[in-house]
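Peer 1: got a sequence here, can you model it:
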Amino acid sequence: MNRFPRVFCLAVTSLLASGCAWTERSNRPVWNAFEEHLVPTSSPAFELALPLTAPGGLAAILIDIGIAHPIQVLDDAADDALDLWDSIEFEDRYYTEAGFLPFRAALTPVWFAGSFVGRSLFDWPDAETAAAHAAEAEVVAESGQRAWIARQILDAGPVREGVPEIPDGAEGDAVLRAMWRRQHEAASASDRLALVQALQFMGSVPEWSVLLSDPSAVVRHAALEGSPRSFVPAAELSRALLADPDEAVRELAERRFGGSR
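Peer 2: Numbering: from 1, shown residues only. As a prediction, this is how the structure comes out:
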């Protein structure tokens, strides 16, 4: 007699815990089929069928929670367990990796069981969905970064305008470079010095050649210091910097390009 309340509480707790997974429609195939094919949608048929559909629906929910959804997540739990074996690097760390093999083998079933229970109870995304979410987050972060770079460009130059919509990908990079060039065309020497810093946020772009050819030795020196090592100017420009009339520019160019002559 005393066992019934405990069993009932355990069943209710399981239902509540599994609710996180069950609330996602794709995780309840039996209930979806039951609702679509056996539950009337019009009145009064819906009300009259309740004595039959209510217990049937409860049975469908229990099957989803206890059988159907756990079967759905078996392959994802297996993938999670196999991830423990993806990072083995025998070529670089043979003895270290070999020493960890027994621990990996012992942890694999534990990892599988934990992932299986967690995925059965909660709506954890599969690897494909997680990768899609990560890619989406990266696009959002990249868009925010481009807007921030656009603000740096606008603040560095004399042209005052609102920050435009910056597209994604190569098109967005082209918009930023066009903004930078507009600022540079109207800039004074002090503005061009500020544009050196703005260009640093854009990486290895052709506009560095514009600053390395600047009439001001101060700007040329700042551009030499600020340009990324991945940017390699044309041979003619490198030679011009190595023969620059300003001694400080020549010395910096010698350190940067002297070994490539």
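
Peer 1: gap between the closest residue in space to V219 that isn't next to it in sequence and L212?
Peer 2: Computed as C-beta to C-beta, 6 or more residues apart in numbering, the closest residue to V219 that is not its neighbour in sequence is R192, at 5.0 Å. Every residue, glycine included, has its C-beta placed from N, CA and C. Distance of R192 to L212, computed by C-beta to C-beta, to the nearest Å: 12 Å.

Peer 1: kindly report the same for D92.
Peer 2: Going from D92 to L212 by C-beta to C-beta gives 40 Å.

Peer 1: now do E36
Peer 2: For E36 relative to L212 (C-beta to C-beta), the value is 68 Å.

Peer 1: and the two? Which one has more around it.
Peer 2: Shown here are E36 and L212; by other C-beta atoms under 10 Å, L212 has more neighbours (24 against 9).

Peer 1: quick one: contacts for the residue nearest to that one when sequence neighbours are not counted?
Peer 2: With sequence-adjacent residues excluded and distances taken as C-beta to C-beta, 6+ apart, L212 is closest to A223, at 4.9 Å. By C-beta atoms under 8 Å, 6 or more residues apart in numbering, the contact set of A223 is V196, W208, L211, L212, D214.

Peer 1: in the stretch 1-150 of the chain, where is pLDDT below threshold?
Peer 2: For the stretch 1-150 of the chain, the stretches with pLDDT under 70 are 1-23, 125-143.

Peer 1: 50 instead?
Peer 2: Applying pLDDT under 50 to the stretch 1-150 of the chain flags the ranges 1-5, 7-12, 14-19, 136, 139-140.

Peer 1: how about the helices in the chain?
Peer 2: Assigned by DSSP state H, the helices in the chain fall at 3-22, 29-38, 45-63, 69-82, 94-121, 127-156, 169-185, 189-200, 208-212, 217-226, 235-242, 247-257.

Peer 1: dump the ones you listed into TSV; add distance to G162 as well.
Peer 2: As requested, the helices of the chain are exported to TSV (distance: least, C-beta to C-beta, whole Å):
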stretch	distance to G162
helix 3-22	43
helix 29-38	48
helix 45-63	53
helix 69-82	46
helix 94-121	47
helix 127-156	8
helix 169-185	11
helix 189-200	17
helix 208-212	25
helix 217-226	27
helix 235-242	35
helix 247-257	36
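
Peer 1: quick one: closest of the ones you listed to I88.
Peer 2: I88 lies closest, by C-beta to C-beta, to one member of these: helix 94-121, at 5.2 Å.

Peer 1: now do that closest one: distance to the chain's middle.
Peer 2: With C-alpha atoms, centre = their mean, to the nearest Å as the basis, helix 94-121 stands 26 Å off its chain's centre.
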